[in-house]
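Engineer: Return atomic coordinates for the entry below.
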Amino acid sequence: MFGRRADGTRVENIPTLRRFMPYVSPRRNDSLFYMFQDIRVDAALEYLEKKNCERPVQRPITLFHLMLRATGNICFLRPGINRFVKGGKLWDRNHVSLTFSAKREIVDGSPLLTIKRRFLPDESLEEMVDGIYDRLESGRGGKKTTADKEMGIMVRLPGFAIRAAMGFVRAVDSLGLLPASFIEGDPLFTSIFMANLGSINYPAGFHHLWEYGTASCFGVMGKIEFDAEKRRKIVMAWTYDERIEDGLYSYHSMEIIRKKLEHPELLELSVAELERKDWTIYD
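Structural biologist: Okay, here's the model as predicted:
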């Protein structure tokens, strides 16, 4: 309404149809697009085996780390992916952050730990991985996030008060008046939400997008499988809000993620180095 937000800049030069789409489909879940994606991972697994010989045993680089790296980078390389719709307007996010969930312990019934982390265009793969381990160790050690503390207070209220408070937050968010500190601490105000069902040996499945927050995409990574040629692969299930960009743009963006996983040496490059790549040679 006021043309400003703490976490984004209004997108102005867009076609009339895309400008009008938030009014045709005002909710994210009116606008979902689903896409399965097969990614061969033999090269990535061999890369990890060699790379982890140089890493602390308790902090190995995993396939999910490589996926987070590739996904974080694509938000810089293809900035249309890093948009969101709020208040009927399209916004370019002014940073890249990914949110993902992990079990506090790998046992049935263990509570989930939700991690939101900013990604930087010039950080190395190792810096990214160590930063994630630092956040995980803090969370698994029992340290509560800002969101945990806020929800802990909220759930003590009666239901009508919770609904009123959430309605107030949504209204303020729609007007672009949420403070940066609130947005930074909330895991659903994020570029992409990621989940790794492969860690519990489950196949990938599609996940909805929340109406609350600004996440315009959800990626779910499944378990390692074998294709018809006996090569190892994973399946990614992507759910995204088609109001942010058209299907062709989004497909090409996801294909670059696939190419980077299938050529893992690319994940060691900075965003500036990746921008100079001719991606057609990796087909």
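Engineer: next structured bit after the lowest-mean-pLDDT helix or strand in the chain?
Structural biologist: Least confident element among the helices and strands of the chain, by mean pLDDT, DSSP states H and E: helix 146-154 (a mean of 68). Using DSSP states H and E, the helix or strand that follows helix 146-154 in sequence is helix 159-174.
Engineer: What mean pLDDT does that next one get?
Structural biologist: Average pLDDT, helix 159-174: 89.
Engineer: Stretch 14-27 too?
Structural biologist: Across stretch 14-27, the average pLDDT comes to 89.
Engineer: Tell me the buried residues in that stretch?
Structural biologist: By neighbour count with 16 or more other C-beta atoms under 10 Å, stretch 14-27 contains the buried residues 21-22, 25. C-betas here are computed from N, CA, C, even on glycine.
Engineer: mind putting these in TSV, distance to residue 242 and secondary structure included?
Structural biologist: Formatted as TSV, these follow (distance: C-beta to C-beta, whole Å; DSSP: H, G, I helix; E, B strand; the rest coil):
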residue	distance to residue 242	secondary structure
21	8	helix
22	11	helix
25	8	coil
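Engineer: quick one, helices of the protein?
Structural biologist: 16-24, 42-51, 63-77, 125-140, 146-154, 159-174, 180-185, 247-262, 271-275 (DSSP state H).
Engineer: How far off centre is the fourth one?
Structural biologist: This points to helix 125-140. How far helix 125-140 lies from its chain's middle: 16 Å, per C-alpha atoms, centre = their mean, to the nearest Å.
Engineer: hang on, the earlier thing: relative to residue 84, which of the buried residues of stretch 14-27 is nearest.
Structural biologist: Comparing these against residue 84 with C-beta to C-beta places residue 22 closest, at 10.5 Å.
Engineer: Make sure the closest one is actually in contact with residue 84.
Structural biologist: No. Counting by C-beta atoms under 8 Å, residue 22 does not reach residue 84; the two are 10.5 Å apart.
Engineer: so what sits against both of the two?
Structural biologist: Common neighbours of residue 22 and residue 84 are listed as residue 90 (criterion: C-beta atoms under 8 Å, 6 or more residues apart in numbering).
Engineer: How many neighbouring residues does residue 171 have?
Structural biologist: Residue 171 has 11 neighbouring residues, counting by other C-beta atoms under 10 Å.
Engineer: no no, residue 125
Structural biologist: When neighbours are defined as other C-beta under 10 Å, residue 125 has 16 of them.
Engineer: ok, and for stretch 66-83, which residues are buried?
Structural biologist: Residues of stretch 66-83 classed as buried: 66-78, 80-83 (neighbour count, 16+ other C-beta under 10 Å).
Engineer: center of the protein - which residue?
Structural biologist: Centroid-nearest residue in the chain: residue 192, 2.3 Å away (criterion: C-alpha atoms, centre = their mean).
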